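[1] what's the 3D shape of this:
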Amino acid sequence: MTATRTPGTAGAVARAVPRPGRAGGRLVALARHSLALAGRSVRKTLRTPEQLLDVTLQPIVFVVIYVFLLGGAVAGSTGDYLQFLLPAIMVQTVLFGGMATGVSLNTDIKKGVFDRFRSLPISRAAPLIGSVLGDLIRYVVAVVVLLGFGYALGFRARTGVVPVVAACLLAIFLAFCVSWAFVLLGMLMREPGGVQGTAFLVLFPLTFGTSMITPKDTLPGWLQTWVSINPVNHAMDAARALMLGGEAATGVWWTLASGVLMLAVFAPLAVAAYRRRA
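    Sure thing, here's the model as predicted:
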């Protein structure tokens, strides 16, 4: 293994160039480079905390609007509706948080940051993986803020700490997998605004075509069909079961399977699109 260093922001990444033919060495190098670039992404977020407004203020606004405008009509009381709503809002919030990954990557490409990365002896996938891993901090912040605000309003989980943590990790896992679709959009679109607009068009039917706001059996038949196959709805059902009690296995397995499928489809396509754009 040989190590080289390049001055500047991108040069802060320690690069180990594996000997040809050693797949294990290439995977180790990819992991090291991706983690180093993930650290860059985290530092960039922490230095510009306004980037976290969508995962700190947005979930609070959604909870207030839904609970106090719809709670009485849907559940008869705001307290009961908060119990029903909050686990589903958690899934929606982290999914919306992943949209920023594609926007940020598209912005970096337009600013020429990725031109520096292309000049380094690192895998083409490393900058993309690093950005996605770095944005995990956004999901964690979103979950912490939402649960803290929910508990302040009166939400109480009826299960133990482990099931609640499992519900949070399940939501984060799904958001991580879906974020690769936004990475692909970031590679294909010419402007950050195009990435954001298209991402909203994708997310709205996924997050609102669910039982998030009202129970599934109150929806029209055609919408119930979509809800039944929507992986986001299964994640919401699983989060409710894990936090409030009930059968969670079906929703958990459906979420894990659909997440792995999305990751297997969108991650290679995003890397291929980046190679073409590079």
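[2] how far away is the closest residue to residue 231 other than its chain neighbours from residue 57?
    Using C-beta to C-beta, 6 or more residues apart in numbering and skipping residues adjacent in sequence, the residue nearest residue 231 is residue 258, 3.6 Å away. To be clear about C-beta, it is placed using only N, CA and C from the backbone, and glycine gets the same treatment. Distance of residue 258 to residue 57, given as C-beta to C-beta, to the nearest Å: 29 Å.
[3] Which residue of these two possesses the greater neighbour count?
    residue 258 (19 against 11; other C-beta atoms under 10 Å).
[4] right, and the more buried one touches residue 234 too?
    Yes: using C-beta atoms under 8 Å, residue 258 is in contact with residue 234, at 7.3 Å.
[5] Where does pLDDT dip in the stretch 101-250 of the chain?
    Judged by pLDDT under 70, the stretch 101-250 of the chain has its weakly predicted residues at 114-115, 119-121.
[6] Spit out the contact partners of residue 174.
    Counting by C-beta atoms under 8 Å, 6 or more residues apart in numbering, residue 174 makes contact with 91, 94, 95, 231, 232, 235, 255, 258, 259.
[7] ok, now how distant is the closest residue to residue 207 other than its chain neighbours from residue 55?
    Sequence neighbours aside, residue 92 is the residue nearest to residue 207 in space, at 4.5 Å (criterion: C-beta to C-beta, 6+ apart). Counting by C-beta to C-beta, the gap from residue 92 to residue 55 is 11 Å.
[8] show me where the chain has helices.
    23-47, 53-75, 78-111, 113-118, 126-134, 136-153, 161-188, 192-208, 221-229, 231-244, 249-277 (DSSP state H).
[9] Give the other helices and strands that the last one contacts.
    Contacting helix 249-277 under the criterion 3 or more C-beta pairs under 8 Å, 6 or more residues apart in numbering; DSSP states H and E are the following elements: helix 126-134, helix 161-188, helix 231-244.
[10] the inter-axis angle of the longest one versus helix 192-208?
    Translated: helix 161-188. Angle of helix 161-188 versus helix 192-208, following axes from the mean of the first three to the mean of the last three C-alpha atoms, to 10 degrees, is 140 degrees.
[11] Repeat that for the shortest one.
    Going by the same axes, to 10 degrees, helix 126-134 is angled at 50 degrees with respect to helix 192-208.
[12] what's next to helix 126-134, contact-wise?
    Under the criterion C-beta under 8 Å, 6+ apart, residues 30, 33-42, 44-45, 101, 104-105, 108, 114, 117, 176, 179-180, 183, 270-271, 274 lie in contact with helix 126-134.
[13] buried set for that helix?
    126, 127, 128, 129, 130, 131, 132, 133, 134 (16 or more other C-beta atoms under 10 Å).
[14] contacting residues for residue 213?
    66, 70, 74, 85.
[15] distance of the first one from residue 168?
    In this structure, residue 66 lies at 20 Å from residue 168, with C-beta to C-beta as the measure.
[16] Who has more neighbours out of these two?
    Taking other C-beta under 10 Å, residue 66 and residue 168 do not tie; residue 168 has more neighbours (24 against 21).
[17] Surely that one is in contact with residue 141?
    No: counting by C-beta under 8 Å, residue 168 does not reach residue 141; the two are 11.9 Å apart.
[18] Any chance of TSV for the contacts of residue 174, columns distance to residue 201?
    Conversion of the contacts of residue 174 to TSV gives the following (distance: C-beta to C-beta, whole Å):
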residue	distance to residue 201
91	19
94	19
95	14
231	17
232	15
235	20
255	22
258	19
259	21
